[in-house]
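K.L.:
missing the sequence, but the structure's below:
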Ligand code: ADP
Ligand code: MG
């Protein structure tokens, strides 16, 4: 990475303001249900502790309306993080102001303070310069380790980074290293497996990837848009009419570059969108009206598995079907297992895709599970992420 990291700067005794992504799911009792994001930040926090830094963590949680909202307090996160670090992590009553400054100033080397939800202040998302200046009073140095919000220019990802020496944390560095390798120097053959709900959210990434891969697998709801763009009848499946032209253009680029564009030959269809719907397998060019595509079919799944196993690098974003319903989870599960089985470099990104990988119990067999949803896609689209651009160059 061409940005400075915490390894490039002096940390001992410094107050280090670290933007983390602690936007974790909470249950009704407001307990942390999934601490993946907390664990992902541990390497950076531990490195800062070991270097004798005084660490101030800042994060958002959820989408609060302006003003404090107890249901979106980071208190449960402070408790869960304390358990992981085996040391109490105090929670500041707010993320700015004299009392918080006093708490930050009183930290001893190695100690960690968590600030209250930064989005309680609407100035955060507005990237308000005065608010960023208040945040900047809490640190001598700024570290961005929140890859999941690096595509947003907010006060805690952009404004404050302009006011303090700003470097990357270890998680951010790892994300950029893996994702830029995919774009710049993947081991070939390089395959991308793209699915999910909509073509429109993936158009830009598909347009980029089709220029870089040897294999492009299309699954999920968007396969219907591709099938329709080729003149197939797709029954009552979801189609984005305004994306038909884009789908055609992507298929055209694939042909011109001799990319293996792997579209389903068979699909699982249902008579309605429900877990207990009637289901059947049909050829992808013979979807009867009154039915909708819910998953890729068994022959297609087999072809995808074989194609994945022939690759040296595989990127996966977007479930192959409505995997939330067990009856329609087979294609998604098979892709997860194929990625777990291959020796290739495997990178998985996207909120639902990562949930599917975790549901299949194979996250630890994936080379890199990206913590970003939108940020991962924007990076792979070739866009510059504001939260990364603002960091000090090497
Ligand atoms: P990610 O968050 O991994 O980027 P998306 O948000 O693009 O993925 O899409 C995930 C959603 O796509 C899942 O909730 C899944 O149910 C849905 N999906 C996949 N295939 C279909 C389909 N054939 N019909 C309707 N929804 C689908
Ligand atoms: Mg999603």
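P.N.:
All right, it came through fine. Bear in mind the structure is a predicted one, so any value in this text is a computation, not a measurement. Ligands and ions are numbered 1, 2, ... in the order given.
K.L.:
ok, and the closest non-adjacent residue to residue 350?
P.N.:
Spatially, and ignoring its direct neighbours in sequence, residue 350 is nearest to residue 317 (4.4 Å; Cβ to Cβ, 6 or more residues apart in numbering). All C-beta spots, glycine's among them, are computed from the backbone N, C-alpha and C.
K.L.:
from what I can see the one you found touches residue 353, true?
P.N.:
Yes - the pair residue 317 and residue 353 passes the contact test of Cβ atoms under 8 Å, sitting 5.6 Å apart.
K.L.:
who in the protein is up against ligand 2?
P.N.:
Contact residues, the chain versus ligand 2 (Cβ under 5 Å from the ion): 351-352.
K.L.:
So which residues of the chain form strands?
P.N.:
All strands of the chain, identified by DSSP state E, fall at 15-19, 54-58, 112-114, 141-144, 166-168, 190-194, 215-218, 260-262, 266-270, 279-283, 292-296, 313-317, 345-348, 368-369.
K.L.:
Same list, those strands, but as TSV with mean pLDDT and mean neighbour count please.
P.N.:
TSV is the format used below for those (pLDDT from 0 to 100; neighbours: other Cβ atoms under 10 Å):
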stretch	mean pLDDT	mean neighbour count
strand 15-19	98	25
strand 54-58	98	27
strand 112-114	98	24
strand 141-144	98	28
strand 166-168	98	25
strand 190-194	98	26
strand 215-218	98	26
strand 260-262	98	18
strand 266-270	97	25
strand 279-283	97	14
strand 292-296	96	27
strand 313-317	98	28
strand 345-348	98	24
strand 368-369	94	18
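K.L.:
Save those as JSON lines, and put in distance to residue 155 too.
P.N.:
Formatted as JSON lines, those follow (distance: least, Cβ to Cβ, whole Å):
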{"stretch": "strand 15-19", "distance to residue 155": "10"}
{"stretch": "strand 54-58", "distance to residue 155": "10"}
{"stretch": "strand 112-114", "distance to residue 155": "17"}
{"stretch": "strand 141-144", "distance to residue 155": "12"}
{"stretch": "strand 166-168", "distance to residue 155": "13"}
{"stretch": "strand 190-194", "distance to residue 155": "33"}
{"stretch": "strand 215-218", "distance to residue 155": "39"}
{"stretch": "strand 260-262", "distance to residue 155": "43"}
{"stretch": "strand 266-270", "distance to residue 155": "46"}
{"stretch": "strand 279-283", "distance to residue 155": "49"}
{"stretch": "strand 292-296", "distance to residue 155": "42"}
{"stretch": "strand 313-317", "distance to residue 155": "29"}
{"stretch": "strand 345-348", "distance to residue 155": "30"}
{"stretch": "strand 368-369", "distance to residue 155": "28"}
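K.L.:
out of those, nearest to residue 239?
P.N.:
Among the strands of the chain, the nearest to residue 239 by Cβ to Cβ is strand 292-296 (9.9 Å).
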